[in-house]
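[1] got a structure for you, letters missing:
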């Protein structure tokens, strides 16, 4: 969230910079100079490792134009990429060593994270129309800052995804809540997640469902997520390192399935493992282009229906590691 810098509140232009592991976050806030003016806030999270911008635009006190996660990963043209890299290296990054910066910091008291988490749910999730109380409660409970690299914890509750390494991200909070609400999980449900990442989406599901099975193709991420979830006491979440395309047949059928990477088609094994009356949320489309967030529903008589919910952009669905 934007924190007003010290000094004259009528100053026209405000800059704040935070250097995070593997990325740089630049925020620009511009007002007309009046205390009651509507402010435009442009937030650009530039992933230095992936050489790409990760986020979008906000105006006033509420987000009226949000670039959802899929668009985060869209790579710029080579010339633009180089220009931004040079700008960050020789101008923006050196500024971080002078004076006081405002916004993200990895040194936040534990109670401060709880306040940020509640603010995140109020301003980024509930304010955008997420109404399911179970989802809102889960988003308030899960300590998101423990699912990102330690040096990026100050950015954990920001309105954007955060890099977790290996070309992967922890999704924007709103996207996590939105996809979870689409599934309408209940207390007695058995859920499957394809694409564990750091384990955050699984933890959110684990706060609601009876049991969660999650599959990750990248071994270091899968093992780290398994340790993290166990340390946090999520006894109802089981992690497996494998190709998520095939789901987890021995624990099927599943009441709900969430896929956190974009596939160019809906994997048939996942459809087969979806329980009658169940739902699956999956981004479908080609890598490095806008995809469609699809909801797949299996009726009680086994009929499959799909609907397009939202244009998104997710990382590609990986079938192999290295």
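    Ah, there it is. No experiment lies behind these values; they were computed from the predicted model shown.
[2] roughly how far apart are residue 292 and residue 278?
    Note on residue 292: its distance to residue 278, by C-beta to C-beta, to the nearest Å, is 20 Å. Just so you know, the C-beta spots here come from the backbone N, C-alpha and C atoms, and that holds for glycine as well.
[3] ok, those two, which is more surrounded?
    A count of neighbours by other C-beta atoms under 10 Å puts residue 278 above the other of residue 292 and residue 278, at 22 against 17.
[4] just checking, next helix/strand downstream of the helix or strand encompassing that one?
    Residue 278 belongs to strand 274-284 when assigned by DSSP states H and E. Tracing the chain C-terminally past strand 274-284 and defining elements by DSSP H and E, one meets strand 291-298 next.
[5] okay, the angle between that following strand and strand 274-284?
    170 degrees (axes from the mean of the first three to the mean of the last three C-alpha atoms, to 10 degrees).
[6] Kindly provide the whole-number mean pLDDT of the longest helix along the chain.
    Longest helix in the chain, counting residues (DSSP state H): helix 219-231. For helix 219-231, mean pLDDT is 97.
[7] Count the neighbours of residue 277 for me.
    11.
[8] how much space between it and residue 283?
    Distance from residue 277 to residue 283, by C-beta to C-beta: 23 Å.
[9] So which helix or strand of this structure has the lowest pLDDT on average?
    Averaged element by element with mean pLDDT, DSSP states H and E, the chain has its least confident helix or strand at strand 13-20 (a mean of 31).
[10] Give me the buried positions along the longest helix of the chain.
    For helix 219-231, a neighbour-count test (16 or more other C-beta atoms under 10 Å) marks 221-222, 224-226, 228-229 as buried.
[11] same thing with stretch 196-208?
    196-208.
[12] quick one: the helices in the chain?
    So, for the chain - with DSSP H - the helices run 69-72, 78-87, 93-95, 110-120, 133-141, 173-183, 200-206, 219-231, 268-273.
[13] Indicate which one of the ones you listed is closest to residue 287.
    Proximity to residue 287 (C-beta to C-beta) singles out helix 69-72 among the helices of the chain, at 10.6 Å.
[14] I'd like the mean pLDDT over that closest one, please.
    38.
[15] Also stretch 234-251?
    Computed over stretch 234-251, the average pLDDT equals 98.
[16] Can you check the distance spanned by it, start to finish?
    One end of stretch 234-251 sits 18 Å from the other (C-alpha to C-alpha, to the nearest Å).
[17] So which bits of it are buried?
    Within stretch 234-251, judged by 16+ other C-beta under 10 Å, the buried ones are 234, 236-239, 241, 243-248.
[18] Would you mind measuring from residue 150 to residue 191?
    Taking C-beta to C-beta, one finds residue 150 at 28 Å from residue 191.
[19] These two: which has the busier surroundings?
    Shown here are residue 150 and residue 191; by other C-beta under 10 Å, residue 191 has more neighbours (28 against 9).
[20] looking at the sheet around that one, what are its partners?
    Beta-bridge pairing of residue 191 under DSSP bridges involves residue 212, residue 256.
[21] Alright, I will stop here.
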